[in-house]
Structures are given as structure tokens and as C-alpha cells.
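1. Here's my sequence, what's the structure:
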Amino acid sequence: MTDREPTTDPGPMPDLSTYPVSRLTGDAAYEWYLSDHPWATAERCRRRAAELQYELDAASNVQAWIERTQAADAVGDLAGRPAGWRDNLVALAEGMAPLAAANHTHASVESAEPDDLWVANARRKLETSRQVEGDRTYTYPTHLLGPSAAAYPPPGWTESR
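-> Numbers count the residues shown, from 1 in each chain. The predicted model follows:
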């Protein structure tokens, strides 16, 4: 291999769990996160799975609270509370039920979307956002697509991290 040929093996993946990839921290890191670099793909899948599991767990926790509240009300455990307390708590539980169900459904649907579809959509959104912000000719960088993306490590990444 010459110095000009990109490598398709970036080596063992480091821990990228604290690597900042939000649009708020800079486009270069976010572009890399959406790239075909093997580390980016693996980290993106790991983060998406963790976020979706968090959403599912939160929805389940809220649903469990709703069920406990409804069960306590059904047996009269909430009757001896101060005026309005029981009504407010029961109304809160009733109002939270559709939100918890919607969040659970959303996370379930999102988790079924394959990474290649998710990342293609995220790249389109990035392009649109940049163009709306004034960079009318912006397109997602081609050097971050395909196997040759492995030659481009995360911007600002150092081995000592």
C-alpha cells in the first residue's frame, strides 16, 4: 500500500462513548458520526440502541407508576388524602397513559429502522439544514462514504483519549 491509498481497516475501535457528535459541537464531528467509517457505524448503532432502550424503560416505568396509582385508587388507598389530592393524582395518571404509550410506540418503531435508512435520513437532514443556514451548495462529504471513509478518523480524536 502506498501513502495515498486509503486504508479500509482503521484498527481496533476505541471507546467513543464520550466523543461529542451533536450539531451543537461542530459539523465536522457530526459529519464523521454519520459517515461509513466502521467506528462511526458501530458507535452510532450503540448510541441509538442505548437511547431507544432508555425511552422504552422510561415508558415502562411511567406505565408501572400509572398502574400502581390506579390500583391504589381502586382499593381506596388514596381516599384519605387532602382535598383534591386524589383527584389530581388520578387525573395525572390518566393524562400520562397516552403519552407513555406513544413514547413506547415511538421507540419501538425507531428501533426497527435499520441504521442505513436512519443515517441516510440524517444525512439528508444535515444537508437541508446547512443549505437553509446559508451554505446553498453543501452536500454531505463524499470522502466519508463507502469503504474509503475508514481512512478518516474522528475529527479532533487523539489516541490518548
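
2. Now do the helix or strand encompassing K125: which elements does it pack against?
-> K125 belongs to helix 115-132 when assigned by DSSP states H and E. Helix 115-132 is packed against helix 27-33, helix 38-74, with contacts defined by 3 or more C-beta pairs under 8 Å, 6 or more residues apart in numbering; DSSP states H and E. The C-beta positions use only the backbone N, C-alpha and C, and glycine is treated the same way.

3. give me that answer again for 6 Å
-> Packed against helix 115-132, as judged by 3 or more C-beta pairs under 6 Å, 6 or more residues apart in numbering; DSSP states H and E, are no other helices or strands.

4. Can you list the buried residues in that helix?
-> 119, 122-123, 126, 130 (16 or more other C-beta atoms under 10 Å).

5. Format the residues you listed as CSV; extra columns: distance to G76 and pLDDT.
-> Output for these, formatted as CSV (distance: C-beta to C-beta, whole Å; pLDDT from 0 to 100):
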residue, distance to G76, pLDDT
V119, 53, 96
A122, 51, 95
R123, 56, 96
L126, 55, 94
R130, 59, 92
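
6. could you redo those residues as a markdown table and give each row distance to L145?
-> Converted to a markdown table, the buried residues of helix 115-132 look like this (distance: C-beta to C-beta, whole Å):
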| residue | distance to L145 |
| --- | --- |
| V119 | 10 |
| A122 | 13 |
| R123 | 9 |
| L126 | 13 |
| R130 | 16 |
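
7. Now the two most distant members of the residues you listed.
-> Farthest pair in these (C-beta to C-beta) is V119 and R130. Separation: 16.2 Å.

8. In this structure, which residue is most central in space?
-> Nearest to the geometric centre of the chain sits R48, at 4.3 Å (C-alpha atoms, centre = their mean).

9. Does T158 lie in a helix or a strand, and which?
-> Per DSSP H and E: T158 is located in neither a helix nor a strand.
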